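Visitor: need coordinates for the below:
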Amino acid sequence: MGCLTVILIFIALAAAMAYAIGIIVAADIIMFIVTCYYISKYDEAKKMKPSKMKCPNCGSKDVHIEHIESGYEGYAGNPYSNSRFKSFNTKVKRTRVGHCNQCGFEYGYITKKEIDESKKNAKGSAALSFAALMILVVLSAFIVKNMKSDDKPETTSTSQITAESTLYI
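Guide: Sure thing, here's the model as predicted:
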């Protein structure tokens, strides 16, 4: 019974090691995809141009900017509590829309400040995901390197065996 237990422990350790390596490889692949995504977001932000106060449909300069809000604002937590420290929960997305007074065409209006903020966010996210990717790659390489067994028994030739056996005779 003791020998069977040892064998099962070795099998469980081997399975856990294979599972851990699979998770690390999957994490490497996911971080690579995330890094590529943020790099593409940064490239998109670099290509953005600020909008002009001119209708792209009819060319009229009689354009006004409307603000559209979506989402909700409210207090989080118990509304009946007497605590004066209620947290304000905002999930509102505000967008600007250019509205032409001549033809009624509406288009997304983007300012230079929004473009700069988008570039900054995308660049920071890309750098952070790249750093995480490099850490995972180094960790994977370290694990794979340590999996190689350098403790292999040396092979002995027949001449060495005969030489050692004659010493003991």
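
Visitor: now the helices for this protein?
Guide: 2-47, 112-147, 158-167 (DSSP state H).

Visitor: which of these sits most buried?
Guide: helix 112-147 (a mean of 14; mean count of other Cβ atoms under 10 Å). Backbone N, C-alpha and C define where each C-beta goes, glycine included.

Visitor: domain ranges for this structure?
Guide: For the chain, the structural domains run 1-48+110-143, 51-109, going by automatic domain parsing.

Visitor: give me the spatial nearest neighbour of residue 35, chain neighbours excluded.
Guide: Nearest in space to residue 35, with sequence neighbours left out and distances taken as Cβ to Cβ, 6 or more residues apart in numbering, is residue 129 at 4.4 Å.

Visitor: could you report the pLDDT at the one you found?
Guide: Residue 129 carries a pLDDT value of 90.

Visitor: what is the least confident helix or strand in the chain?
Guide: Sorting the helices and strands of the chain by mean pLDDT, DSSP states H and E puts helix 158-167 at the bottom, at a mean of 60.

Visitor: so where is this structure shaky, pLDDT-wise?
Guide: 1-2, 68-94, 147-169 (pLDDT under 70).

Visitor: if we can go back for a sec, make a markdown table from the helices of the chain and add distance to residue 106 to it.
Guide: A markdown table is the format used below for the helices of the chain (distance: least, Cβ to Cβ, whole Å):
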| stretch | distance to residue 106 |
| --- | --- |
| helix 2-47 | 22 |
| helix 112-147 | 17 |
| helix 158-167 | 88 |
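
Visitor: and of these, who's closest to residue 54?
Guide: helix 112-147 (15.9 Å; Cβ to Cβ).

Visitor: what's the spacing between residue 62 and residue 106?
Guide: 14 Å (Cβ to Cβ, to the nearest Å).

Visitor: my guess is the residue nearest to residue 35 contacts residue 38. True?
Guide: Yes: using Cβ atoms under 8 Å, residue 129 is in contact with residue 38, at 5.3 Å.

Visitor: so what sits against both of these two?
Guide: By Cβ atoms under 8 Å, 6 or more residues apart in numbering, residue 129 and residue 38 have no common neighbours.
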